[in-house]
Each structure stands twice: as C-alpha cells, then as structure tokens.
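Engineer: next one to model:
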Amino acid sequence: MSTETNQIKYKATDFKSAAEPRWCPGCEDYAILKAVQTAMAKIGRPTHEHAVVSGIGCSSRFPYYMSTYGFHTIHGRALPIATGLKLSNPELAVWVVTGDGDGMSIGGNHLIHALRRNSDLNILLFNNRIYGLTKGQYSPTSVKGMVNKTAPYGTIETPVDPLGLAIESGATFIAQISATYVKELVDVLIEAYNHKGTSFVHIYQNCYIYNNGAFDGFTNREIRDDNNVKVEHGKPLIFGKELNKGLVMGYGKFDIVEFEPNKIPDNIVIYDETDPVLIKMIKDLEFPDSPVPMGIIKRVEAPIFEDVVHEQITMAKDKFKPDLKKLIEAGDTWEVK
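Structural biologist: This next block holds a predicted model:
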C-alpha cells in the first residue's frame with residue numbers, strides 16, 4: 001500500500017476519467033458511479049492502487065469512467081480475471097462490476113467459485129432484472145410472468161435469488177442496497193472494501209428504458225421507508241416513516257408488529273450479521289409481503305484465498321531449492337514429494 005494513504009485527501013473527481021459516460025439519461029448507473037468514486041476518495045488510496053474489472057453489459061462500461069486501472073473483459077469472465085489480478089498483486093484493491101445477466105447467467109459459475117474461495121475482491125452486482133445492453137431480453141433475475149422481447153407471453157422461469165446464491169456459496173460479506181440510497185451505498189462500499197475476503201454487494205438499479213419501475217414499490221422515495229428495513233449489526237429491525245414497525249420472531253419467519261414511535265418493544269429482533277439463522281430469515285423477506293432488507297446482511301471472517309496460495313508458494317520455495325539444470329538432466333520423469 002502506498003505511503004500516500006491517509007496523507008492526501010482525495011475528491012470523488014480524482015477518480016473520474018475524461019471519458020463521458022454513455023448510459024441512458026436518468027440511468028441509475030450514474031448514481032452508482034458517483035457513489036463508487038466518492039467511496040474511493042474516502043478510502044484514501046491513490047487511483048493507481050485500485051483496479052476495476054468488468055464483463056459485458058451496461059454496467060460493464062464502468063472501467064472507462066474511472067481514472068483507476070481497468071479491464072473490460074468478455075461476457076461473464078470478469079471474476080477469473082479479477083482473481084488472477086488479485087493473486088498477482090495482493091496489495092491492489094480490486095473491484096468487480098457486473099450485472100444480473102453478466103454475473104448470474106454466463107458468469108454464474110464463476111460467481112459461485114469466487115464467493116466460496118474468498119479472494120479479497122469487491123463484487124458489485126447491478127440488478128435491473130433485464131438485459132439492457134441487448135435491448136430488453138429477460139435475465140436470470142426477471143420475475144416470473146414478466147412480458148418482454150424474449151418472453152412475449154411472460155417468463156416461465158423461477159428467478160435467481162442473488163442473496164440466496166451468495167449465502168449458499170459461502171460468501172463472507174453480503175450487502176443489499178438500492179442505487180437510490182446514495183449515501184448509504186457509499187457507506188456499504190467502504191465497509192465492503194474494509195472487509196478482508198470476498199465482498200458481494202447486490203444493488204437494485206432501475207432500467208428506465210426496458211424495465212422501468214421494477215423496484216418502485218420499495219425504492220420510491222415517498223414510500224420506501226414503509227417498505228424497507230435497515231439491517232445493521234446490533235440494532236433492532238425497525239422500519240416505517242415513523243419507525244413504528246418492527247420484526248419479531250415467528251414460526252420460522254419474521255412477523256411484523258406495530259408500536260408507538262420511540263417505544264420499541266423488547267421482543268423486536270436485534271440483528272446479528274454473524275448468525276446464520278437470522279441471515280437466512282432476513283434473506284427470505286420479500287416485497288410486498290415484507291419489507292425489503294437494506295444494509296449489511298452477513299459479515300464473517302475466513303481464510304483469504306490469495307493469502308493461503310502465497311503461503312503455499314513460500315513453503316514450497318523453502319522446501320525445494322530451485323535447480324533448473326538438475327531438473328533438465330533428471331530424465332524423462334521426476335517425482336515431487
């Protein structure tokens with residue numbers, strides 16, 4: 001890490017490239033871009049200590065708009081590239097930007113293995129429940145019955161659950177947030193960076209052209225307080241414009257109760273981001289029957305992939321003294337013990 005860290009105060013514009021973003025007017029990718037640049041400025045590391053890796057899709061234009069290192073890869077392959085990058089340069093802060101199509105369809109297998117390996121990557125999955133770049137085909141997260149260009153009578157597939165996939169793949173940091181919560185998104189991104197291991201941030205992002213209003217029921221500013229529950233470690237699970245609703249333990253699920261503002265009942269659940277039961281229950285909250293969880297869902301510690309790999313390399317070097325001449329002259333075969 002550079003000695004510049006914590007000595008220079010950076011601005012969000014320091015992480016902005018000269019390229020003009022080419023997204024549709026009003027696209028929430030603009031808000032996410034601003035949040036990422038703001039988060040990087042607050043993190044306090046110079047631009048050359050960050051790398052942004054992407055696949056294919058509207059979100060994957062991201063590297064062009066950052067003054068960091070960047071790599072625009074091929075469809076679904078951002079994660080293996082990012083893993084190799086982190087292995088070769090562990091001090092680099094590596095950010096992966098992907099979408100629900102790129103990351104959960106052709107790149108789905110790579111996502112599973114990246115999460116289970118626990119390499120120190122920050123994965124940002126933009127979910128608009130549609131293929132936007134290719135003009136409106138249904139994606140792995142499109143809701144069942146959605147009518148679109150490739151499903152004129154409605155999709156018949158059960159959508160992928162991003163949080164469920166991340167939990168079952170063993171992700172050590174999982175967060176969920178809407179692009180409309182810009183300040184909170186910045187905070188989540190900083191926490192994702194600070195986590196040692198793979199960070200998976202699921203971001204609801206509206207596509208105004210091909211799936212407009214997909215999340216209005218719980219992201220519209222006028223009603224979102226009644227339909228989102230802020231998830232924070234050690235804090236009660238309460239919500240509502242007047243913070244007069246909360247979650248209590250039911251039979252295998254949360255029940256919703258109402259109470260007088262500022263008089264939180266003792267039975268309101270206090271969230272624990274390390275508790276596998278609460279993590280599963282909070283994941284199962286679905287709109288419109290329940291408020292949508294926003295915040296850090298899971299955060300636990302586990303061995304980091306590249307640390308273990310480099311430990312093995314060091315051990316092998318100490319055990320086996322390299323002797324190329326001896327190896328070449330050893331014959332057609334050799335044995336590694």
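Engineer: centre-most residue in the chain?
Structural biologist: Geometric centre of the chain, nearest residue: Val201, 2.1 Å, by Cα atoms, centre = their mean.
Engineer: who's in contact with that residue?
Structural biologist: Residues near Val201 by Cβ atoms under 8 Å, 6 or more residues apart in numbering: Asn122, Ile123, Leu124, Leu125, Ala175, Gln176, Ile177, Val188, Leu189, Ala192. From N, CA and C alone the C-beta is placed, and that goes for glycine too.
Engineer: now go through the residues you listed and say which are in helices.
Structural biologist: In this view, these that belong to helices under DSSP state H are Val188, Leu189, Ala192.
Engineer: in this structure the first one contacts Ile297, no?
Structural biologist: To tie it back to what came earlier, the one meant is Val188. No. Using Cβ atoms under 8 Å as the test, Val188 is too far from Ile297 to be in contact (10.4 Å).
Engineer: quick one: the helices in the stretch 101-250 of the chain, in order.
Structural biologist: 108-117, 162-168, 182-194, 216-219, 224-227 (DSSP state H, counting those that start in this stretch).
Engineer: okay, those helices in a markdown table with mean neighbour count next?
Structural biologist: Below are the helices of the stretch 101-250 of the chain laid out as a markdown table (neighbours: other Cβ atoms under 10 Å):
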| stretch | mean neighbour count |
| --- | --- |
| helix 108-117 | 20 |
| helix 162-168 | 20 |
| helix 182-194 | 18 |
| helix 216-219 | 18 |
| helix 224-227 | 18 |
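Engineer: could I get those as a markdown table with mean pLDDT?
Structural biologist: Shown next, in a markdown table, are the helices of the stretch 101-250 of the chain (pLDDT from 0 to 100):
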| stretch | mean pLDDT |
| --- | --- |
| helix 108-117 | 96 |
| helix 162-168 | 96 |
| helix 182-194 | 97 |
| helix 216-219 | 92 |
| helix 224-227 | 94 |
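Engineer: which pLDDT value belongs to the residue nearest to the centre of the chain?
Structural biologist: pLDDT for Val201: 98.
Engineer: same question for Ser2.
Structural biologist: Per-residue pLDDT puts Ser2 at 55.
Engineer: relative to Ser178, how far out is the residue nearest to the centre of the chain?
Structural biologist: Separation of Val201 from Ser178 (Cβ to Cβ, to the nearest Å) stands at 11 Å.
Engineer: and what of Leu33?
Structural biologist: Leu33 is 15 Å from Ser178, by Cβ to Cβ.
Engineer: tell me the SS of the closest residue to Ile209 other than its chain neighbours?
Structural biologist: With sequence-adjacent residues excluded and distances taken as Cβ to Cβ, 6 or more residues apart in numbering, Ile209 is closest to Cys24, at 5.4 Å. For Cys24, the assignment made with DSSP: H, G, I helix; E, B strand; the rest coil gives coil.
Engineer: make TSV out of the contacts of Val201 and add distance to Ala19.
Structural biologist: Shown next, in TSV, are the contacts of Val201 (distance: Cβ to Cβ, whole Å):
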residue	distance to Ala19
Asn122	22
Ile123	23
Leu124	19
Leu125	23
Ala175	28
Gln176	29
Ile177	26
Val188	25
Leu189	21
Ala192	25
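Engineer: from those residues, which is closest to Ile56?
Structural biologist: Distance to Ile56, by Cβ to Cβ, is smallest for Leu125 among the contacts of Val201, at 14.0 Å.
Engineer: I figured that closest one hits Trp95, correct?
Structural biologist: No. Assessed by Cβ under 8 Å, Leu125 is found out of contact with Trp95, at 11.9 Å.
Engineer: rewinding a little: for the contacts of Val201, work out which two are farthest apart.
Structural biologist: Most distant of the contacts of Val201, by Cβ to Cβ, are Asn122 and Gln176, 14.7 Å apart.
Engineer: return the set of buried residues in stretch 202-220.
Structural biologist: 202-207, 209-211, 214-215, 218-219 (16 or more other Cβ atoms under 10 Å).
Engineer: filter those down to the ones in strands?
Structural biologist: Secondary structure assignment by DSSP state E places His202, Ile203, Tyr204 of the buried residues of stretch 202-220 in strands.
Engineer: if we only consider the residues you listed, which is nearest to Ala12?
Structural biologist: Ile203 (17.7 Å).
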